[in-house]
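Q: Fold the following, please.
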Amino acid sequence: MEKPQFNSKKGMDNKPLLKVEKLLVSSRKEEDTISILKGVDFELYSGEILGIVGESGSGKTMSALSIMGLLPNGVQVDGGLVQLGTSPDNLLNASADQLRKIRGLRIGMIFQNPMSALNPVIRCGAQISEVLRFHLGKSKSQASQEAKSWMEKLGLKEIERIYQSFPHELSGGQQQRIMLAMAMCCQPEILIADEPTTALDATVQRKILDLLSWTREQFKTAILLISHDLSLVAEIADRVLVMRHGEILESASAKSIFDRPQHAYTKGLINCRPKIGLYQYRLPTLEHPEPILKNPNPPHLDQIQDKKPLLKVEQLVVDYFSKGLFRTKKKRAVDQVSFEIFKGETLGLVGESGSGKTTLGKTILGLKEASSGMITFDEQNQGEIPKPKAFHQKVQMIFQNPMEALNPRLPIGSAILEPIRIHELVKGKNNQVEKVVELLEQVGLSPDDYTKYPQAFSGGQRQRVGIARALAMNPEFIVCDEIVSALDVSIQAQILNLLKDLQEQYQLTYLFIAHDLSVVQFMSQKILVMQEGKIVEEGKTKAIYENPQHDYTKTLLAAIPAALKY
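A: Purely as a prediction, here's the structure:
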């Protein structure tokens, strides 16, 4: 869909739909006061898409939550003005009842983490219907029909099943689309989209961006699009604000921001993102902004194809069974999949949400049971391994959401120490602690972090803990499952560079699962393209990206934002 042109001059002649002036927000912890927003100013006009970009902690989400009156405990507004439409009232002073009537009807919000925003004990369809019944007075049957219509518009399949499903029964991408339906079903004047495409694959991401553009075009909806990915915002935004440490560093049209960034921080954010067609050995970071261009493949990979594969998967089938009202239903998640991975290489696995990528990775590790087929690791059939404990020492997984993978009641040092102790990899308690400290330093954390709990860390730091925990086992093979999908582009670059450093140091072998094709290109020497449980295309990375053969692969590549192409 071609990006509609927003007439900024016409917009400036009218009163803004949303006006934010000198917004001050802080948090108090014991006797300390931390400033979160330091006088933020911006305006949003009818039919405009305004992008706000920046790293985690820059104040993007806090700006949105302040407008909605949804600030977390311990965070407060210290001053400022928020005006909605022609009303002279300050929305910051609105009562709880007034805000309840505004949220959903006049201002809709798409939250970053749909699993925490959706009610876990209410079926997904009922949650959408509830919004329609509360704000628009729809009958139960009318609300149900409209809810299903919005689910269909958002590209969901199996509407009846998903309508009756609980949030935990859906994939991350499906949960996000339920959240989108709830925010958009009342056609609000303003839509605040907080990282709406973070965990989505390229094709679904494209559908969401097209839908946001369509909403603006059809209903003149003003959209505040919050993201850490500047290139994605540049795809549909009219204007862009760049935030850091609670302040707006740069504000201009999307084209100006991307083509002629003025601030060094903005330039750094743009350069951190891997680009399709640019084969880099390392990604630039905010600390080291100059890219390193050379052969992206480690030297030892030239000889690996002459050796026997480390992992061999043959005709693998994985079925899921769920009990219906009258019979058991079967769904095939992995369908006759075969491939090989050689020691020291990275094999990229791409495909839409629900294509079977994560199921395949978990089955290789023995976390899911295969229905048929064979998995051979180091010339030994996984089903015939006499000592599974030894197998799980060699094969590890880094999970997509490190917060869910770590025990919140266990300090991170203890979490990393646990597998070392269980597998008796290091003798003596003092030596074990020294090994954990060594691992923390290796992944860029401090020895002082040993006694801290997971909730004390940022998303990027928690992902480093997950990497350290996997490395604690001295593995040969690691499944990386969407491990950078929710990270800022600057942190993402650091993690990807770290993975390459560790691979060279230990000759690690990776199965790198991701929906972000630019990230997969940077990391992988070979690629598998997965659709509905099947491998539809495979080959060397450069060949796949420059000359895709399957229509599905072409569709995935066509969905990549233009700003990510070199």
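Q: need the helices for the stretch 201-350 of the chain, in chain order.
A: Applying DSSP state H, counting those that start in this stretch to the stretch 201-350 of the chain gives helices spanning 202-219, 230-236, 254-259, 264-272.
Q: ok, and which of those helices has the densest surroundings?
A: The highest mean neighbour count among the helices of the stretch 201-350 of the chain, using mean count of other Cβ atoms under 10 Å, belongs to helix 230-236: a mean of 23. Where you see a C-beta, it was placed from the backbone N, CA and C, and this is true even at glycine.
Q: That one packs against which elements?
A: Counting by 3 or more Cβ pairs under 8 Å, 6 or more residues apart in numbering; DSSP states H and E, the packing neighbours recorded for helix 230-236 are strand 49-53, helix 202-219, strand 222-227, strand 239-244, helix 254-259, helix 264-272.
Q: Could you export it as PDB, CA atoms only?
A: Provided in PDB are the C-alpha atoms of helix 230-236 (Å, rounded to 0.1, in the frame of the first residue of the first chain):
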ATOM      1  CA  LEU A 230      13.500   3.900  13.300                       C
ATOM      2  CA  SER A 231      13.400   2.200   9.900                       C
ATOM      3  CA  LEU A 232      10.000   0.700  10.600                       C
ATOM      4  CA  VAL A 233       8.600   4.100  11.700                       C
ATOM      5  CA  ALA A 234      10.000   5.700   8.600                       C
ATOM      6  CA  GLU A 235       7.900   3.400   6.500                       C
ATOM      7  CA  ILE A 236       4.500   5.000   7.500                       C
END
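Q: How far does it sit from its chain's centre?
A: Helix 230-236 has its C-alpha centroid displaced from the chain centroid by 16 Å (Cα atoms, centre = their mean, to the nearest Å).
Q: thought Leu24 was touching Asp41?
A: No. Counting by Cβ atoms under 8 Å, Asp41 is not a contact partner of Leu24; they are 11.1 Å apart.
Q: Which of those two has more residues huddled nearby?
A: Ranked by neighbour count (other Cβ atoms under 10 Å), Leu24 and Asp41 place Leu24 first, with 17 against 14.
Q: so who does that one touch?
A: Taking Cβ atoms under 8 Å, 6 or more residues apart in numbering, we find Leu24 in contact with 35, 37-39, 77-80.
Q: Can you give the domain ranges for the chain?
A: Taking automatic domain parsing as the domain assignment, the ranges for the chain are 1-106+188-272, 115-187, 300-378+476-564, 399-474.
Q: Need the distance between the two termini of the shortest one.
A: Taking Cα to Cα, to the nearest Å, the span from the opening residue of domain 115-187 to its closing residue is 23 Å.
Q: Same check on stretch 255-265?
A: 17 Å.
Q: just to revisit the earlier point, the contacts of Leu24, buried ones only, as a ChimeraX selection?
A: In ChimeraX syntax, the buried subset of the contacts of Leu24 is picked out as below (16 or more other Cβ atoms under 10 Å):
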select :37,77,80
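Q: Just name the closest of the contacts of Leu24 to Lys15, please.
A: Using Cβ to Cβ, Gly80 comes nearest to Lys15 of those, at 18.4 Å.
Q: Could you find the closest non-adjacent residue to that closest one?
A: With Cβ to Cβ, 6 or more residues apart in numbering as the criterion, Gly80 has its nearest non-adjacent residue at 3.7 Å, and that residue is Leu23.
Q: beta partners of that neighbour?
A: Beta-bridge pairing for Leu23 (DSSP bridges): Val40.
Q: And for the one 4 residues further on?
A: Taking DSSP bridges as the rule, Ser27 bridges to Ile34, Val75.
Q: how much space between the residue of the chain positioned farthest from its centre and Thr61?
A: Centroid-distance maximum for the chain: Gly428 at 39.5 Å, with Cα atoms, centre = their mean. Gly428 sits at a distance of 45 Å from Thr61 (criterion: Cβ to Cβ, to the nearest Å).
Q: picking that back up, mind checking how far the residue nearest to Gly80 is from Asp194?
A: For Leu23, the distance to Asp194 - Cβ to Cβ - is 16 Å.
Q: These two - which one has more neighbours?
A: Applying other Cβ under 10 Å to Leu23 and Asp194 shows that Leu23 carries more neighbours, namely 25 against 22.
Q: Contacts only, for the more buried one.
A: 37, 39-41, 63, 66, 77, 79-82.
Q: for the stretch 101-250 of the chain, what spans make up the strands?
A: Per DSSP state E, counting those that start in this stretch, the stretch 101-250 of the chain carries strands over the ranges 107-110, 190-194, 222-227, 239-244, 247-253.
Q: would you turn these into JSON lines with mean pLDDT?
A: Formatted as JSON lines, those follow (pLDDT from 0 to 100):
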{"stretch": "strand 107-110", "mean pLDDT": "91"}
{"stretch": "strand 190-194", "mean pLDDT": "93"}
{"stretch": "strand 222-227", "mean pLDDT": "93"}
{"stretch": "strand 239-244", "mean pLDDT": "94"}
{"stretch": "strand 247-253", "mean pLDDT": "94"}
